[in-house]
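Colleague: take this sequence and fold it.
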Amino acid sequence: MQTRYRVVATSIAIALMLAGGHAQAQVPGAISLTRLGDLGGMRDRTNQVSGVSADGKTFVGSCSSYTNPAEPGRAFSWSAQTGWQRLASPSDERSSRANAVSSDGRVVVGSLAQPGPYGNDAVSAVRWPGDGSVQPIAPSTATRYFSDASVMNRDGSRIAGSYTTTDGHNALFLWDSRSGFNRITTDEDFAASAVHMNQPGDAVAGSVGNVGGVYGSRAFVWTVRSGVRLLPAISSAPALMDRAISVSDDGQTVVGNAGTGRSLPSPWGEREGTVAVRWLNGGNTIEQLGMLDGDNYSYAEHANADGSVVVGQSGNTERDTVRTFIWTQGVGMRSLPALLDAAGVSRGGLRLDTTLAISPDGSLITGQEYLDDNYRPLFWQIRIALSSLRPAPRQ
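Modeller: Okay, the predicted model is just below:
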């Protein structure tokens, strides 16, 4: 292994001026950009990050070959303290992937493939508890060769994911350190993806496909108290493209994306229009978060613990442009690259076009982009003082 870790931090200090022209106390670090490099790891491999700890110090994901896409990925974790590390696996591992990490960076969940009984791989949901071992969490008596642990609560004591039942149907599961593995969906077939679990572990958000035999996806939220609930749509189109990506710690605010029902022209043909939204009051009402000026679609990627800060992408299909946004209550949507540029923070050519995570308080945003055709990644973090944000000037 080789370590190629380099941190370059750039920060901006904003001086507040009194009416008489004298400088008041500075507010350091109102917005800063840190470049984390490619995280190191195995030679001729690229790191794909799926989860970031609450403090932004631990990354987990899958490391795969960019020269041989058919070569299977391997689960890894990274922190500045430990460097890049492969996660534990049995000797007959075919592939593995880490999907999420606990708040303190200790517990990791994901999936691991091993030889199956009929020549195909059997994929199992697993938990890496932080002691150098790996634990299967889906019993073979409940699943049929596939299960995947997607999300977890703050300490990794609760995990949710998808699996195939012994009779061949799709379902969601909840694993608890005390009660073990249990199915949480009641439909005979529920082809869903769990995208986010809140910190207490009593709510899960995600999307489910082909509801009622209709092509597309619907956003859903599951709570311990109410079970699964499909969230309201803003379009009456029969084929929806809705997705929930986050649920707040109190379970009352769900963030995600809703299909607008509009077809948007692009250089590659028409695409479905989407808008970033929040479902409020437990999912009873829907709030559209809008788009940046000049754009015709937006989609949310991550939200903080109470759903008051959202990051995602806003773009224009006709111009083939996209910008990362940050949305906050009271301020609305702002372009993240534009905020850095206005503050005099050099981006050094970074587009900042993919976010990976946001901290529970919304002040730390983690993302990545690819630097060349070999998909060599560069990971970055932006720290922002939310109190410094102001509404965008009217055009």
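
Colleague: name the residues of the helix or strand hosting Val322 that come out as buried.
Modeller: For Val322, the host element (DSSP states H and E) is strand 321-328. Neighbour-count burial for strand 321-328, with 16 or more other Cβ atoms under 10 Å as criterion, is recorded at Val322, Arg323, Thr324, Phe325, Ile326, Trp327, Thr328. Every C-beta, even on glycine, is put in place using the N, C-alpha and C of the backbone.

Colleague: low pLDDT regions in the stretch 101-250 of the chain?
Modeller: By pLDDT under 70, the stretch 101-250 of the chain has no low-scoring segment.

Colleague: again, only this time at 90
Modeller: Where the stretch 101-250 of the chain drops to pLDDT under 90, the residues are 117-120, 144, 186-188, 210-216, 235-240.

Colleague: from the buried residues of strand 321-328, pick the one nearest Ser62.
Modeller: Thr324 (23.1 Å; Cβ to Cβ).

Colleague: pLDDT score for that closest one?
Modeller: What the model reports as pLDDT for Thr324 is 98.

Colleague: now it: how far from Arg347?
Modeller: Thr324 sits 11 Å away from Arg347, taking Cβ to Cβ, to the nearest Å as the criterion.

Colleague: run through who's touching the strand holding Val322.
Modeller: With contact meaning Cβ atoms under 8 Å, 6 or more residues apart in numbering, strand 321-328 is reached by 276, 289, 292, 295, 298, 300, 308-316, 333-339, 352-355, 362, 365, 367, 384, 386, 389.

Colleague: out of those residues, which are inside strands?
Modeller: 276, 289, 298, 300, 309-316, 333-335, 355, 365, 367, 384 (DSSP state E).

Colleague: burial measure for Pro267, as a count.
Modeller: 8 (other Cβ atoms under 10 Å).

Colleague: same check, this time on Gln313
Modeller: For Gln313, using other Cβ under 10 Å, the count is 21.

Colleague: quick one: contacts for it?
Modeller: Per Cβ under 8 Å, 6+ apart, neighbours of Gln313: Ser298, Tyr299, Glu301, Val322, Arg323, Thr324, Phe325, Asp353.

Colleague: which one of the residues you listed is nearest Thr223?
Modeller: Nearest to Thr223 among these, counting by Cβ to Cβ, is Glu301 at 22.6 Å.

Colleague: ok, now how distant is that closest one from Gly312?
Modeller: 4 Å.

Colleague: likewise Ser193?
Modeller: With Cβ to Cβ as the criterion, Ser193 and Gly312 are 17 Å apart.

Colleague: please apply the same query to Ser140.
Modeller: 39 Å.

Colleague: out of the two, which sits in the busier spot?
Modeller: Counting neighbours by other Cβ under 10 Å for Ser140 and for Gly312 shows that Gly312 has the greater number, 25 against 12.

Colleague: about what we covered before: find the residues that touch each one of Glu301 and Gly312.
Modeller: With Cβ under 8 Å, 6+ apart as the test, Glu301 and Gly312 both reach Thr355.

Colleague: endpoint to endpoint, stretch 203-214 covers what distance?
Modeller: 26 Å (Cα to Cα, to the nearest Å).

Colleague: with stretch 362-376 instead?
Modeller: Termini of stretch 362-376 sit 27 Å apart (Cα to Cα).

Colleague: got it, and stretch 219-229?
Modeller: First-to-last residue span, stretch 219-229, Cα to Cα: 9 Å.
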